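Asker: pasting the structure only:
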Ligand code: BEZ
């Protein structure tokens with residue numbers, strides 16, 4: 001069964017977190033948001049991911065993206081684990097720069113479709129997979145990634161995707177393979193050549209292809 005789909009309003013759940021009780025939409029305010037889930041506290045891959053997320057927290061802030069993590073343990077455990085995370089990231093003594101949701105009874109993980117049936121705890125209960133949800137200022141889901149518990153994520157890629165999401169929310173363009181800010185972008189197929197000429201003063205280059213179809217149009221923003 002599909003869970004939350006692209007374009008759906010993200011659930012306005014209530015949760016206990018390391019910064020107290022939150023209602024998700026109030027927590028987001030007018031910002032973009034990223035919710036990333038983890039199987040368990042005090043686990044090795046998760047610790048590397050949280051430390052990396054702490055290191056790049058300024059990059060999310062610069063892009064007006066509020067960060068929040070989720071793991072299956074208690075707020076108390078999250079506070080203890082945060083100290084390990086910051087020490088592992090060579091920032092011992094500094095606070096974790098984003099909150100962690102406590103989902104001890106798995107309620108939210110079930111609601112958001114985040115459980116990984118192949119990874120279970122010692123009691124045979126499924127752990128949370130590594131989900132990433134990016135939510136826009138309109139509270140709608142803009143991106144969802146689902147990794148198994150055994151594969152850590154790449155936060156540079158997540159930031160690259162957020163740059164693409166924020167650009168394509170503003171301009172009638174799409175970003176090609178391996179795009180980075182500053183690279184050329186694609187003019188979206190639904191825009192006519194005349195509209196593209198008007199919208200993109202830097203000009204539009206159309207690549208000739210064997211089909212003769214003129215769909216591969218690039219511009220510099
Ligand atoms: C980890 O974070 O290292 C991990 C957690 C659950 C299953 C496998 C790995």
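Answerer: Thanks, I have the structure now. Quick caveat: nothing in here was measured; it's all calculated off a predicted structure. Residues are numbered from 1 along each chain as shown.

Asker: now do the helices in this protein.
Answerer: Ranges of helices within the chain are 24-28, 44-55, 57-62, 75-88, 107-111, 155-170, 193-199, based on DSSP state H.

Asker: name the residues of the chain found near the ligand, please.
Answerer: 39, 40, 43, 44, 45, 46, 119, 127, 149, 150 (Cβ under 6 Å from any ligand atom). In this view, the C-beta of every residue, glycine as well, is placed from N, C-alpha and C.

Asker: residues in contact with residue 89?
Answerer: 51, 52, 54, 55 (Cβ atoms under 8 Å, 6 or more residues apart in numbering).

Asker: do the same with residue 15
Answerer: 21, 22, 24, 70, 101, 102, 103, 108.

Asker: hmm, the fourth one is touching residue 103, no?
Answerer: Yes: when contacts are counted by Cβ atoms under 8 Å, residue 70 is listed as touching residue 103 (5.6 Å).

Asker: which neighbours do those two share?
Answerer: With Cβ under 8 Å, 6+ apart, residue 70 and residue 103 have common neighbours 15, 109, 128.

Asker: in space, what's closest to the second one - neighbours in sequence excluded?
Answerer: Think residue 109. residue 128 (4.7 Å; Cβ to Cβ, 6 or more residues apart in numbering).

Asker: how about residues contacting stretch 125-132?
Answerer: By Cβ under 8 Å, 6+ apart, the list of residues contacting stretch 125-132 reads 34-40, 49, 70-72, 103, 106, 109, 112-117, 119-121, 143-149, 151-153, 158.

Asker: list the buried residues for it?
Answerer: 126, 127, 128, 129, 130, 131, 132 (16 or more other Cβ atoms under 10 Å).

Asker: for those, which one is nearest the ligand?
Answerer: residue 127 (5.5 Å; Cβ to the nearest ligand atom).

Asker: beta partners for the closest one?
Answerer: As for beta bridges, residue 127 partners with residue 116 under DSSP bridges.
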